[in-house]
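[1] Here is a sequence together with a model predicted from it:
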Amino acid sequence: MSDIPITPRLLEEPAPCAREGAWLEWISTVDHKRIGILYLATTLFFFAVGGVEALLMRIQLAWPGNTFLSPDAYDQVFTMHGTTMVFLVVVPMLLGLANYLTPLMIGARDMALPRLNAFSFWVFLFGGFLLYFSFVSGHAPAAGWFSYAPLSEKGYSTRYGLDYWALALLGIGVGTIATAINLIVTIINLRAEGMTIRRLPLFVWMVLVNSFLIIFALPALNASLVMLLIDRQLSAHFFTVMGGGSPILWQHYFWSFGHPEVYIMVLPAFGIISEVIPVFSRKPIFGYGFVAASTVAIALLSLGVWAHHMFAVGLGPAWNYAFGASSLLIAVPTGVKIFNWIATMWGGSIRFTTSLLFAVAFLFTFTIGGLSGVTFAAFPLDWQTTDSYYVVAHMHYVLFGGTLFAVMAGVYYWFPKMSGRMLSERWGVVHFWLMFIGFHLTFLIQHILGLDGMPRRVYTYPDRPGWAVMNLISTIGAFVIGISVLVFLANIVMSLRSGAPAGDNPWNAWTLEWATSSPPPEHNFDRIPPVHSARPLWDLMHREGRA
Amino acid sequence: MKLAGTSHAGKLLLLRKCITILIEFLPALVYEEKNSSQAVAMHLSVLSPASPEAAHIVWLWNVCLYVCAFILAVVTISILYILVRYRKRDEAEPDQSTGNRTLEIAWTAVPIALVAVLFTLSVAIARTVNHPVDRPPDVIVTGHQWWWEIRYPQSKVTTANELHLPVGREMLIAVETADVIHDFWVPRLGRKIDAIPGRRNTVWIRATQPGEYQGACAEFCGAEHAWMRFAVVVESPAAYAAWLAHQAAPAARPVQGDAAEGARRFGELTCANCHNITGINAQKSYGPDLTHVASQETLAGERLRNTPENLTDWLRQPNIIKPNCFMPNLELSHRDLTVLTAFLETLR
């Protein structure tokens, strides 16, 4: 902190964040900043819920033969954990950031379609409630977050959980698509003068590509959810063999959404990293064009890799070769990004803020997750590792060590803009180390468990040598993560009340959101600075410096 | 600057933690190898192959591991070096370089070459592991919620949860399902393969070392997925032939004592509606075939060791031992439990 040139005494205290009757304004708002914050607060809530579900699972698995959860309860909890984290946390968390930041970064007053924006949020929120209402109805869904048919069909899941699951995801999916359209329209039409496509901040670039990916991928999910509902409610046979349907059809539909979804969950995170690393290295991004182009390459390739989730189905050699090749290929643009971020830091003057620590941790853990991904794309290895704890480790390295670390970097970076106050850096560092160590403690060992033959999604396991110890280590790690989240929440609450005032541009950053007050006024900008490059505020600072 | 030091030390700490974990487990591994004659090296079972199919995959694994470890080392060392070398030293802004085309081409081309190599190797390994199917299967394995039915069509043998294979012979195993999707996986013997409704998948296994191997269902298939495990017994061709001949023989109806009463009760109670015992009753097998149930090592998808006490316990309260299984709790009387156990124990 001390090395960030701010002069706290000169800064005005921001207005208090809670006022009489303010909640009505929040409910009726169409302001993209408020909607963004609503998204972030809601996802934080669901993150806590999903995290508690994870802890319940880890308690059950702490030692063999544990009876903390019944088999049926365990299956509901792991299904809800996966569904919550994917659909109610990671994706909307990134949409929330995109919502808040995109108009500010391109110098716009608001999103292009503000009321559609509010609609998307409320559909998402009530979709989340609908999903959790299944608990109240007696039985949450229990067929895993990808609900393979025929297990998800009426014959094998007789209670209503899966109907709630399908309806909730359908609603959330509609909201997500609406947001994607909104973001595309905003980015294409509302850029400030001078903000050409080659001067867009990389975060906005990735949000744009991501929004197109959502439009291409999510309808496949929505269509298959409708088909599942028709199967369950009207006894059709899209996904059951007896009526001429095919359970493999569900897998094709689901994963042709589901793998692009993985990139939907990570592209905006790449965008965050592409903003945070340059600012704290005091250098422009290395290879702007290559970073942007590799995003497009990833998005295009990601639409053609889905069957790598199905290598164990026995589709035949042609499928294996084609999808093995495309999945291996997608590692290339991802690697290009990693190398460019590292090269950005090279020769810089690195500020060790919490935000940068999370960004660097992202580079490290995401590289591990990406590399273990390569071991699935080499499909004979997938035949051993898929559906084992190895895949559980892999996906958490990508989504937790990848996306969530990047989101944390983003939260520490943009919190001052959103609230007008700094997050405590001292608690931030504690939060970082607890989360980093807890994360690796939990998931590193799971690679070994998977290679040792432990299948995923088991409510208990036989007491084979080493399994008890490894599972216990993983459980301890999960609780360390739990503590780190508590530190994070406490930091947010304390900083909102009494954090140091941030001023307009505490990090000396150079994108447009830092050219307005913190928090920004409802109309975002009194005056939009001229845009002559990808770093308008840098140009401004250095011109004035010379004058 | 202080923080830079912390981050460096933290990485070292983590590294040391990983090494400690390894050191803790290595002795366990060695210990296992020396002391257990039957199930050697339970640890890292994917990495201790007992068939050429599994060994080929481990070879590819090693190649991948070296490539990935190299890349991870390059990335990690560069990051650590940069964090120390380029930490903030003064207020001056550094040189504003924006990119380098040659570097970009290099770090695009080298990974492309690497993945091309991995792809070629993958195709080669896949062709070796999955060679073409040219004959009917030796064994048909059918997944049920939550147990495995194992049939040897040539010998007309049906058993459950225990797959016997002769050492050194290439066996073709067909994998099917009676209900939802399951997945047949024996980590030390080769690839996993899904059991998909309406379709027959096949997998080749040539076990090279006698012994007992652990198998499991790897695709989530409902509440008792965790206890859908099975054993693979690899034995000499002579022992295998003897086992097969024994399994093919029908059960003999006990003529006196508790066992005879048990056989009668087996028919009177609803047991016989689901379970087949060749030689005593002939039913379609909704549940596991019990013709030679007493010769098996475990019960209920490896939930229990197969002892008379456990068998009684299982008959008494299957819904407690394996809460969602389809075996009903018939609330058997003490007498029924005794005679049924006595009867089932004769089915060697």
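    Noted; the coordinates are in hand. Please read these numbers as outputs of a predicted model, since none were measured by experiment.
[2] need the contact list for the residue most central in space within chain A.
    Nearest residue to the geometric centre of chain A (C-alpha atoms, centre = their mean): A:V90, 3.2 Å. Counting by C-beta atoms under 8 Å, 6 or more residues apart in numbering or on different chains, A:V90 touches A:M265, A:L399, A:T403, A:L404. To be clear about C-beta, it is placed using only N, CA and C from the backbone, and glycine gets the same treatment.
[3] just the residues you listed that are near chain B?
    The subset of the contacts of A:V90 lying close to chain B, counting by C-beta under 8 Å from any C-beta of the partner chain, is empty.
[4] most neighbours, which of the residues you listed?
    A:T403 (26 neighbours; other C-beta atoms under 10 Å in any protein chain shown).
[5] now that one, nearest residue through space, not along the chain?
    Using C-beta to C-beta, 6 or more residues apart in numbering or on different chains and skipping residues adjacent in sequence, the residue nearest A:T403 is A:A269, 4.4 Å away.
[6] For A:L328, which non-adjacent residue is spatially closest?
    For A:L328, ignoring the flanking residues on the chain, the nearest one in space by C-beta to C-beta, 6+ apart is B:V115 at 4.0 Å.
[7] re the thing from before, please report how far the residue nearest to A:T403 lies from A:S152.
    To A:S152, A:A269 is 30 Å away according to C-beta to C-beta, to the nearest Å.
[8] repeat for A:L441
    A:L441 is 34 Å from A:S152, where distance means C-beta to C-beta.
[9] Looking at the two now, which is surrounded by more residues?
    A:S152 (26 against 21).
[10] Is the more buried one in a helix, a strand, or coil?
    Following DSSP: H, G, I helix; E, B strand; the rest coil, A:S152 is assigned to coil.
[11] Leaving out the residues flanking it, which one is nearest to it?
    A:A143 (4.4 Å).
[12] which ones are touching that neighbour?
    Listed by C-beta under 8 Å, 6+ apart, the contact set of A:A143 reads A:D75, A:T79, A:L151, A:S152, A:S157, A:L162, B:F220.
[13] Hmm, the fourth one is touching A:R159, no?
    Right, the one you point to is A:S152. No: counting by C-beta atoms under 8 Å, A:S152 sits too far from A:R159 to count as a contact (11.8 Å).
[14] Let me know how buried the residue nearest to A:L328 is, in neighbour terms.
    Using other C-beta under 10 Å: B:V115 sits among 24 other residues.
[15] Any figure for the gap between it and A:L301?
    12 Å.
[16] Find the residues that touch each one of the two.
    Here B:V115 and A:L301 share the contacting residues A:L329, scored by C-beta under 8 Å, 6+ apart.
[17] in which helix or strand would I find A:V91?
    Per DSSP states H and E: A:V91 is located in helix A:91-106.
[18] low pLDDT regions in chain B?
    Confidence mapping of chain B against pLDDT under 70 gives the ranges B:1-44, B:282-284.
[19] Please tell me how far A:V226 sits from chain B.
    22 Å (C-beta to the nearest C-beta, to the nearest Å).
[20] helices or strands next to the host helix or strand of that residue in the packing?
    Using DSSP H and E, A:V226 sits in helix A:202-234. Using 3 or more C-beta pairs under 8 Å, 6 or more residues apart in numbering or on different chains; DSSP states H and E as the contact test, the elements touching helix A:202-234 are helix A:91-106, helix A:161-189, helix A:247-264, helix A:267-281, helix A:288-302.
[21] what comes up buried for the last one?
    Meaning helix A:288-302. A:Y288, A:F290, A:V291, A:A292, A:S294, A:T295, A:V296, A:A297, A:I298, A:A299, A:L301, A:S302 (16 or more other C-beta atoms under 10 Å in any protein chain shown).
[22] Which strands or helices does it pack on?
    Helix A:288-302 packs on helix A:202-234, helix A:247-264, helix A:267-281, helix A:331-345, going by 3+ C-beta pairs under 8 Å, 6+ apart.
[23] next helix or strand past that helix?
    Downstream of helix A:288-302, the next assigned helix or strand under DSSP H and E is helix A:317-329.
[24] now the strands for chain B?
    Here chain B has its strands, by DSSP state E, at B:139-144, B:147-152, B:157-160, B:162-166, B:171-177, B:182-185, B:193-195, B:201-205, B:211-217, B:229-235, B:298-299, B:304-305.
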